[in-house]
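Participant: The sequence isn't on hand, but the structure is:
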């Protein structure tokens with residue numbers, strides 16, 4: 001059994017646990033671990049915290065995304 005990466009979720013530390021079957025290749029287990037780690041979003045969260053982004057900039061990005069998606073939907077309909 002492989003256990004790595006102490007993650008904090010909602011104030012509680014959790015640990016990724018990857019059960020390994022008898023005779024299973026370690027590369028496959030590492031691949032499963034990496035996939036599970038990516039799904040937790042820990043790296044994305046750390047990168048987002050490296051620099052402060054003003055709320056106005058965040059809102060502007062959300063509005064631009066929404067406008068882009070709406071424009072794509074309008075183009076598909078016509």
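Facilitator: Now that the structure is in, tell me what you want to look at. All of these numbers come straight from a predicted model, not from anything done at the bench.

Participant: Just the buried residues of the host helix or strand of residue 45, please?
Facilitator: Per DSSP states H and E: residue 45 is located in helix 42-49. By 16 or more other C-beta atoms under 10 Å, the buried positions in helix 42-49 come out as residue 42. Using the backbone N, CA and C atoms, a C-beta is placed for each residue, glycine as well.

Participant: Please identify the next secondary structure element, helix or strand, after it.
Facilitator: helix 55-77.

Participant: what distance separates that following helix from the middle of the whole chain?
Facilitator: How far helix 55-77 lies from its chain's middle: 21 Å, per C-alpha atoms, centre = their mean, to the nearest Å.

Participant: what's the offset of stretch 19-35 from the middle of its chain?
Facilitator: 20 Å.

Participant: does residue 16 count as helix, strand or coil?
Facilitator: Classification of residue 16 using DSSP: H, G, I helix; E, B strand; the rest coil returns strand.

Participant: still on that earlier bit, so for the helix holding residue 45, mean pLDDT?
Facilitator: Averaged across helix 42-49, pLDDT comes to 84.

Participant: for stretch 14-26, same thing?
Facilitator: Stretch 14-26 shows a mean pLDDT of 85.

Participant: what comes up buried for that stretch?
Facilitator: Neighbour-count burial for stretch 14-26 [16+ other C-beta under 10 Å]: 16, 18.

Participant: what's the first-to-last distance across it?
Facilitator: 23 Å (C-alpha to C-alpha, to the nearest Å).

Participant: now do stretch 39-53
Facilitator: Taking C-alpha to C-alpha, stretch 39-53 runs 24 Å from one end to the other.
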